[in-house]
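A.B. asks: would you be able to build a 3D model of this:
(chains A and B)
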Amino acid sequence: MFSKLVPIPSGAMIPDRDADKSPILECINLGVTFGGLKAVENFNLTIGRTEIAGLIGPNGAGKTTVFNLLTKVYQPTKGTILLDGKDTHGMNTIQVNRAGVARTFQNIRLFTNLSVEDNVKGGMNNAMHYNMWSGIFRLPGFWKEERVAHERAMELLSIFDMQDMASARAGSLPYGAQRRLEIVRALATNPGLLLLDEPAAGMNPSETAELMENIRKIRDTFQIAVLLIEHDMKLVMNICEGICVLNFGQIIAKGSPEDIQSNPTVIEAYLGKKKEA
Amino acid sequence: MATKLKRMASSTRSSFITYGMVIVAYAVMEALLSGGLLTSSLKGMLVPICAYVVMAVSLNLTVGIMGELSLGHAGFMSVGAFTAVIAAAALGSTVAGPVRLAASMAVGGVAAGLVSLIVVVPVLRLQGDYLAIVTLAFGEIIKNIINCVYVGLDGAGIHFGMKDAAALGLEADGKMLLQGPMGAVGIPKLSTLTAGFILMMLTLAVVLNFVHSRSGRAVMALRDNRIAAESVGISPTRYKMMAFVTSAVLAGLAGGLYAMNFSSILAKKFDFNTSILILVFVVLGGMGNIRGSIIAAAALTVLPELLRQFADYRMLVYAIVLILVMLFTNNPACKALFARFKFGSSARKEAV
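C.D. replies: The predicted model follows:
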C-alpha cells in the first residue's frame, strides 16, 4: 500500500472504494494572499481516485481562486499541492495539465473561432507527437495521428451527443453546448482530476439533470476524480460524495452531503445568523 | 465517418481553390506574356506582385492566425533581399540561373529566419500594442543597419565593413555589392514569373498545411484564448515561435525574389511604409483569410498602375478606393452575402 507523505487532515472525504488507493489530490495548508488580502487560507483537501467532490460557498468565498491555485494560474504563497503524491511546487499551468489536471472555466473560455472538433483536438495537443515538419510536408506521422485524433475527438464528443456539431464554429454554439464542449476539451487532455467551475450555470433543470448523469458517466468511464464548484445545490447534493464549504477563503465545513445540509455554520454562511429573540 | 469526409473535404477543398486560383492566374499571365499583350510597366510588376503575395500570406500567419500585430514584416524582407543579393554574387555566374536564384533565395530565407530568432525573444514576452511597437522598431533598426553596411567581393572572398567602400580594401578586380546608403548595386536579374509562381505555391503549401495541422491549431487556440490554451497544456512560447519564424523565413524568400528583379535596390525600399502596405493587404483580404490576402496583394499592387490616368490625383484615388473597399467588405449585409458563397459554410451558421 501507498505510504502517505503526510497524514490526511481531519475531515478527509475519500469514499470507501478509494480508501486503499493513494489520493489523486492533497492540498495541505494551501493559501494565497493578494497584497494584504488572504484570498484563501489553510485550505486542506484530499480527493480520492474516483471521487466526485464539491466545493461550495457564497459568492466571493474563494472557490475559483482555489481552482486557479490548483492549476497554477496563481502561484500559492503558502502550502503544498500534491498531485498523485507529487509536489507541484514550481510547476506552471502547462506542467500541471500534463501532470493530470484539467479544468473548465466559470466564464466559458473556448477557442471560439475554431471548429468544435478542433477545440477537442486542441485538448489532445500533448497526446500528439508529430512535429511541425510532418505537418507542413504531410508526412505519414501527420496522417496517422490526425486520424487517431479525429476518431478520439468524435468518441469524446459522443459523451454529450455532440458529434453532429463537430464542424460548427465553437463560438456559434448555444450556451449549454459551449459548457459541455469545455468539459470535452478538458477530458481530451486525459486528466486524472477534472475541475469543473460551475458546470451547470445557465442551464435549465432538464439540462442540469442530464449534466448530472453525464458527470457520473464521465467518472465511471474514465475512472477519474471530479472536483466541482456549483451553486445548484440540487446538483451538488445529488452527485457529490464529499463537499467542502468555503467562506471568506477558509474552509468552514467538510463532509458528506447530509452532514453539510444540517451543519449550522454552513446554514449561517448562506442564510445569515438567526436573530436572538 | 461521413462527417469526417465532409469536413476534410471542406478544408482541403478550400485549400485547393486557393492553389487553383494561383495556378490559373499564372497560366493567364504566361499566356498574356507570350502573346505580348502586357504593357511593359505591367510586365515589370509581375515579380513584385508575386513577392507581395508571399509577404501578405506570410504576414497573415502572424497577424491573422497568431493574432499578433507585426509592423516590421518588411524588415525580414529586407534581410532576405540583401542576403540573397550577396549570396547570388558569391555563387557567381557560373551557376545556372534558376539554381543560383533558388540557392540565394534560400540563403535569404535562412538569414531572415535567424534574425527572427533574435527578434522573437522580446516579441514573445509582449502582446498587443507593445508587440507591434517592438516589431516596428525592429524594422527601423534593420533599415538603418543595412544603410551602414558595405559589402564587397573579390578574389579573396566577401568583405564586410561599416565605414565606407575604401575601408574594405578590395583587390583591383573586386566589386561592391552593398554600398551603404546607395544600396545594393549590380544585382543579376534572375527573378522570373515562374520563380515567383513556384514561391507562391510553396508559401501557400507551407502556410495552409501549417494552419491545418497540430501546430497551427495550437497557434490559433492561443490566439482565441491564451488561458484556456495553457490549461490544456499548449505552450505559448513554442508555438508562437514556430509561427513567427516561419512567417519570417517566407518573408526572407520573398525579399530575395523581389531584390533580384531589379538591378539595384535601396534599404529605404523596405521601410515602415512597406510594412504598413503589406498589413493593408492582410486587413483588406481578411485576417486569417489566406485567399483574401492573395487577391488583396495582387489587386492593390496593380491598382496604382491602373490609376495612372488620374495623374497627380493617383494616390488620392487609391486612398479613396481603399476606404470604399474597406467600408464595403465590412458591411454586415455584404458579409452575409459573402458567407452564402463560402464553401462548407452550411454548418457554420451563426446561432442567434
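
A.B. asks: which of the three states applies to the closest residue in space to residue B:131 that isn't next to it in sequence?
C.D. replies: Using Cβ to Cβ, 6 or more residues apart in numbering or on different chains and skipping residues adjacent in sequence, the residue nearest residue B:131 is residue B:68, 5.3 Å away. Backbone N, C-alpha and C define where each C-beta goes, glycine included. When classified by DSSP: H, G, I helix; E, B strand; the rest coil, residue B:68 comes out as coil.

A.B. asks: just the one 3 residues further on next, same as before
C.D. replies: Secondary structure state of residue B:71, per three-state DSSP, is coil.

A.B. asks: check the gap between it and residue B:237 for me.
C.D. replies: 21 Å (Cβ to Cβ, to the nearest Å).

A.B. asks: cool, and residue A:103?
C.D. replies: 21 Å.

A.B. asks: so which of these two has more stuff around it?
C.D. replies: Between residue A:103 and residue B:237, counted using other Cβ atoms under 10 Å in any protein chain shown, residue A:103 has the larger neighbour count: 27 against 12.

A.B. asks: how about that one, phi and psi?
C.D. replies: Backbone torsions of residue A:103, given as degrees, to the nearest 10, read phi -140, psi 160.

A.B. asks: right, and it touches residue A:196 too?
C.D. replies: Yes: shown here, residue A:103 and residue A:196 form a contact pair, counting by Cβ atoms under 8 Å, at 7.5 Å.

A.B. asks: show me where pLDDT drops low in chain A?
C.D. replies: Within chain A, the ranges that satisfy pLDDT under 70 run A:1-14, A:16, A:20, A:274-277.

A.B. asks: if you set the cut-off to 80 instead, what comes out?
C.D. replies: A:1-21, A:271-277 (pLDDT under 80).

A.B. asks: taking it, what residue is nearest to chain B?
C.D. replies: residue A:135 (2.8 Å; Cβ to the nearest Cβ).

A.B. asks: so who does that residue touch?
C.D. replies: Contacts for residue A:135 were tallied using Cβ atoms under 8 Å, 6 or more residues apart in numbering or on different chains; they are A:142, B:209-210, B:212-216.

A.B. asks: which non-adjacent residue is nearest it?
C.D. replies: residue B:213 (2.8 Å).

A.B. asks: isn't the one you found right next to residue A:139, touching?
C.D. replies: No: taking contacts as Cβ under 8 Å, residue B:213 lies outside contact range of residue A:139: 10.5 Å.

A.B. asks: now for the residue nearest to the spatial centre of chain A: which residues touch it?
C.D. replies: By Cα atoms, centre = their mean, chain A has its centre lying nearest to residue A:195, at 0.4 Å. Applying Cβ under 8 Å, 6+ apart, we find residue A:195 in contact with A:67, A:70-71, A:101-104, A:186, A:226-228.

A.B. asks: how about the helices in the stretch 201-350 of chain B?
C.D. replies: Listed in chain order, the helices of the stretch 201-350 of chain B (DSSP state H, counting those that start in this stretch) span B:214-224, B:226-231, B:236-259, B:272-285, B:290-306, B:314-329, B:332-341.

A.B. asks: off-centre distance for the last one?
C.D. replies: It refers to helix B:332-341. 28 Å (Cα atoms, centre = their mean, to the nearest Å).

A.B. asks: just the second one next, same as before
C.D. replies: Centre-to-centre, helix B:226-231 and its host chain are 30 Å apart (Cα atoms, centre = their mean).

A.B. asks: hmm, it touching chain A?
C.D. replies: Yes: judged by Cβ under 8 Å from any Cβ of the partner chain, helix B:226-231 comes into contact with chain A at B:227-231.

A.B. asks: good, wrapping up.
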